[in-house]
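# need a structure here:
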Amino acid sequence: MSEREYTVAILGATGAVGTRLIQPLEQSTIPVKSLKLLASSRSAGQTRQFRGSDIVIEEAQPESFEGVDLVLSSAGGSVSARLLPEAVKRGAVAVDNTSFWRMNDNVPLVVPEVNEQALYQHNGIVANPNCSTIQMVVALEPIRQNFGLKQVVVSTYQAASGAGQSAWNELLNQAQQHLNGETETAEILPTKGDKKHYPLAFNLLPQIDVFEDEGYTHEEYKMIHETKKIMLGDKNAPDIKVTATAVRVPVPVGHGETVYFEVTDKDGASTKGIQQALSDAPGVVLEDDPDHQIYPQPINAEGKRDTFVGRVRPDLENDGNYHMWVVSDNLLKGAAWNAVQIAERLVALDLVRVPAGSAELFAD
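Have a look, this model is predicted:
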């Protein structure tokens, strides 16, 4: 690792993910010379602690990135679209947690356990995938490496916090209203910008983000195209078939997923072989002992950086097809920790530099 020290900025430092970037950054291998916390004008002047010191939050402006080496961004798509090109123009490398840059052909979409090599192609911006995609590909990659992968069918059980702090707060308020015998008020979910809103407490919502073509939601299309881009380098690659159903559940933190997959090496694959591949994989914890009712649960994954996998079993009707249950903290591995991991690898690989001509790629 380089002996260089880095000036780091967190953009969106007061949001649900931004606040969770601080601790993993404190504990990371990145030699941080100084930290800047950037947010909207509403949050400017507040303070947060980093390594025992109070840091005053500044309003994010293009000039905020002068002298910054690394940006960890989680401030919403419109902010990322406007400010990250300004950061790149000033020589900073940005790791972005919003959806804005993920499908951009000039921006690698990275989960370090899966496609770290894509970092070598960055042009100043690296995209952090969707939270539900991250945990799924972490679990699928060791299977793909050992037995090949032909098809994936995923159903998600996504926590309220995946829609932000306000959705998390609304869930808790609705639960109390329900217990008090009051009418539950809903102003945010399924998605704030849509026409109708429904309560999540004591309910399930089979809509995450807006509906698009063929009755799929934007969240479901994200999982399809992001999985292909991460694993195969092409968001439309036909080599692995992927489909998704995304459901919001009344859980504060921690996404669950049932993942049905078909391997290519049907003769070589087995439940025990898949379990062993998962157990040996970086970032994966196998919790799979049905005889003793041991399996992953969101309440146990909260605050942990790993992806937890259990309920691995064969499909009894289709040879070479298997099921598994995948759980992870959507705000850590699904967002903040994956972003810090990317930054750690950029540092370790000496890639914290903006290649010549990169700024022009993101100019209006």
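
# hey, let's count contacts and neighbours off CA atoms from now on
Fine.

# run a quick neighbour tally on residue 201.
22 (other C-alpha atoms under 10 Å).

# which SS state does it fall under?
coil (DSSP: H, G, I helix; E, B strand; the rest coil).

# wait, residue 307 sits on residue 327?
Yes: contact criterion C-alpha atoms under 8 Å: residue 307 and residue 327 qualify, at 6.0 Å.

# tell me which of the two has more neighbours.
Of the pair residue 307 and residue 327, residue 327 is the one with more neighbours under other C-alpha under 10 Å, namely 31 against 25.

# the nearest residue to that one once chain neighbours are set aside and residue 334: what is the separation?
Nearest residue to residue 327, sequence neighbours excluded (C-alpha to C-alpha, 6 or more residues apart in numbering): residue 256, at 4.5 Å. Separation of residue 256 from residue 334 (C-alpha to C-alpha, to the nearest Å): 12 Å.

# kindly report the same for residue 301.
12 Å.

# which residues do the two both contact?
Common neighbours of residue 301 and residue 334, using C-alpha atoms under 8 Å, 6 or more residues apart in numbering, are residue 328.

# please say which of these two ends up with more neighbours.
residue 334 (29 against 20).

# so the more buried one touches residue 138, yeah?
No: under the criterion of C-alpha under 8 Å, residue 334 makes no contact with residue 138, lying 10.5 Å away.

# where does the residue of the chain positioned farthest from its centre land in three-state SS?
Using C-alpha atoms, centre = their mean, the residue of the chain lying farthest from its centre is residue 181. It sits 36.0 Å away. Secondary structure state of residue 181, per three-state DSSP, is coil.

# follow-up on the earlier one: for the residue nearest to residue 327, phi and psi?
Note on residue 256: backbone dihedrals following degrees, to the nearest 10 are phi -110, psi 150.

# next, count neighbours for it.
Neighbourhood size, residue 256 [other C-alpha under 10 Å]: 28.

# mind checking pLDDT for it?
pLDDT for residue 256: 98.

# just checking, it touches residue 329?
No: Residue 256 sits out of contact with residue 329 when judged by C-alpha under 8 Å, with a separation of 9.1 Å.

# which neighbours do the two have in common?
With C-alpha under 8 Å, 6+ apart as the test, residue 256 and residue 329 both reach residue 298.

# mind listing what the residue nearest to residue 31 when sequence neighbours are not counted touches?
In space, residue 31 comes closest to residue 5 once its chain neighbours are excluded; the distance is 5.0 Å by C-alpha to C-alpha, 6+ apart. Neighbouring residues of residue 5 by C-alpha under 8 Å, 6+ apart: 30-33.

# what about residue 5, distance to residue 71?
On the measure of C-alpha to C-alpha, residue 5 and residue 71 end up 14 Å apart.

# which one's the longest helix in the protein?
helix 131-147 (DSSP state H).

# care to break the chain down by domain?
6-128+335-361, 133-329 (automatic domain parsing).

# okay, how far is it across the last one, tip to tip?
I take that to be domain 133-329. OK, domain 133-329 end separation, C-alpha to C-alpha: 12 Å.

# again with stretch 181-190
OK, stretch 181-190 end separation, C-alpha to C-alpha: 23 Å.

# in the stretch 51-200 of the chain, which spans are strands?
53-56, 58-59, 70-73, 93-96, 125-127, 151-158 (DSSP state E, counting those that start in this stretch).

# right, so of those, which gets closest to residue 358?
Nearest to residue 358 among the strands of the stretch 51-200 of the chain is strand 125-127 (9.2 Å), distances taken as C-alpha to C-alpha.

# ok, and what's touching the closest one?
Contacts for strand 125-127 (C-alpha under 8 Å, 6+ apart): 84, 88, 93-99, 101-102, 107-110, 119.

# rerun at 6 Å
Outside strand 125-127, the residues that touch it by C-alpha atoms under 6 Å, 6 or more residues apart in numbering are 93-96, 102, 107-109.

# per-residue confidence at the residue farthest from the centre of the chain?
For residue 181, the predicted pLDDT is 98.

# ok, residue 46 to residue 37 distance?
From residue 46 to residue 37 the distance is 10 Å (C-alpha to C-alpha).

# overlap in contacts, the two.
residue 57.

# circling back to that earlier point, Throw the contacts of strand 125-127 into a markdown table and include pLDDT and neighbour count, thanks.
Below are those laid out as a markdown table (pLDDT from 0 to 100; neighbours: other C-alpha atoms under 10 Å):
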| residue | pLDDT | neighbour count |
| --- | --- | --- |
| 93 | 98 | 29 |
| 94 | 98 | 31 |
| 95 | 98 | 26 |
| 96 | 97 | 28 |
| 102 | 98 | 25 |
| 107 | 98 | 20 |
| 108 | 98 | 28 |
| 109 | 98 | 30 |
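
# can you give me the end-to-end distance of stretch 34-46?
OK, stretch 34-46 end separation, C-alpha to C-alpha: 18 Å.

# quick one: average confidence on that stretch?
pLDDT averaged over stretch 34-46 gives 95.
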